[in-house]
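Asks: could you work out the structure for the sequence below:
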Amino acid sequence: LQKALSVGYTITEVYHGLKYNHWWGKFAQNVDRETTTIITDPVEFWNLVYDTDVVISIVRCVNDVLVVKHRKQQETLQSLKTSAMQLASYTTSYARLRLYDFMERVGGENIIYTDTDSIIYAVPDGTEDPLKHDIGPYLGQLTDELNGKMTEFVSLGPKTYCYKDLSNNEEKIVRKAKGITINAKVEKRISFETMKHMVEEVVKNIPRTTLNLPQHIMYRDNNHRVYSRNIVKEFKYTFNKRRLLTDGSTLPFGYCDV
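Replies: Next comes the predicted model:
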């Protein structure tokens, strides 16, 4: 950051949420991690080889340097000064309870979609938003990610959904697809109506549609050479968290009427 500022960059916005997430993560940071070292000095390499506290997994020659991957011996691992497992477990557990509290207040019949730290829900006409006073910019508050009003929503599985956002009398389609880059070609293939039809196929128990979507990826081999290639990824219904009923509602697995 200091280097960026010294060459003329300026700070226009600070993302406090990201800062807080980093703090909580430090409480439970894993110390048993592999380290990659780029070596140009033979003395540095041999010092690493004869270090009894280190286990070397890979030594690879790349051009005129050595790339060495290594990790600490299990017996020599030490907790970081920032480690506090009791705080880490409390933070993540309390976050689940906090989300569950929101879900109870919204009501199961109004919940449309949830994830680790988010909830999408319906507010029936003539009723007040039960979480209205929990939305704000501060730690522990919810963030409203809509620009306007969500009018329709459809989901094929975790982190794969599409909704219509109405703002200033202009409707916008927002798409999210886990593991898939949304480009111009993909946008045309996975329209709102297409995803809605794929859900209806499951509800009606008829053959399911699977879309093959073109993707362009970048990857690196063990010699640190970068390649690009065109691949095809499957896009399909993946929801398997609950039992889907014929009316489109869901129940937990194992649920039965008494």
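
Asks: neighbours around Ile190, how many?
Replies: When neighbours are defined as other CB atoms under 10 Å, Ile190 has 21 of them. To be clear about C-beta, it is placed using only N, CA and C from the backbone, and glycine gets the same treatment.

Asks: middle-most residue in the protein, spatially?
Replies: Nearest to the mean C-alpha position of the chain, by CA atoms, centre = their mean, lies Lys159 at 7.8 Å.

Asks: so how far is Glu201 from it?
Replies: Using CB to CB, to the nearest Å, one obtains 20 Å as the distance from Lys159 to Glu201.

Asks: can you show me the strands along the stretch 101-250 of the chain?
Replies: 111-115, 118-121, 149-157, 160-167, 170-176, 211-220, 226-235, 243-244, 250-251 (DSSP state E, counting those that start in this stretch).

Asks: in CSV, list those along with mean neighbour count and distance to Glu44.
Replies: Shown next, in CSV, are the strands of the stretch 101-250 of the chain (neighbours: other CB atoms under 10 Å; distance: least, CB to CB, whole Å):
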stretch, mean neighbour count, distance to Glu44
strand 111-115, 15, 45
strand 118-121, 17, 46
strand 149-157, 16, 48
strand 160-167, 18, 47
strand 170-176, 13, 46
strand 211-220, 12, 24
strand 226-235, 11, 26
strand 243-244, 14, 59
strand 250-251, 13, 58
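
Asks: dump these into a markdown table; add mean pLDDT and distance to Gly136 as well.
Replies: Shown next, in a markdown table, are the strands of the stretch 101-250 of the chain (pLDDT from 0 to 100; distance: least, CB to CB, whole Å):
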| stretch | mean pLDDT | distance to Gly136 |
| --- | --- | --- |
| strand 111-115 | 91 | 20 |
| strand 118-121 | 94 | 15 |
| strand 149-157 | 93 | 19 |
| strand 160-167 | 93 | 20 |
| strand 170-176 | 92 | 23 |
| strand 211-220 | 92 | 38 |
| strand 226-235 | 93 | 36 |
| strand 243-244 | 85 | 35 |
| strand 250-251 | 85 | 31 |
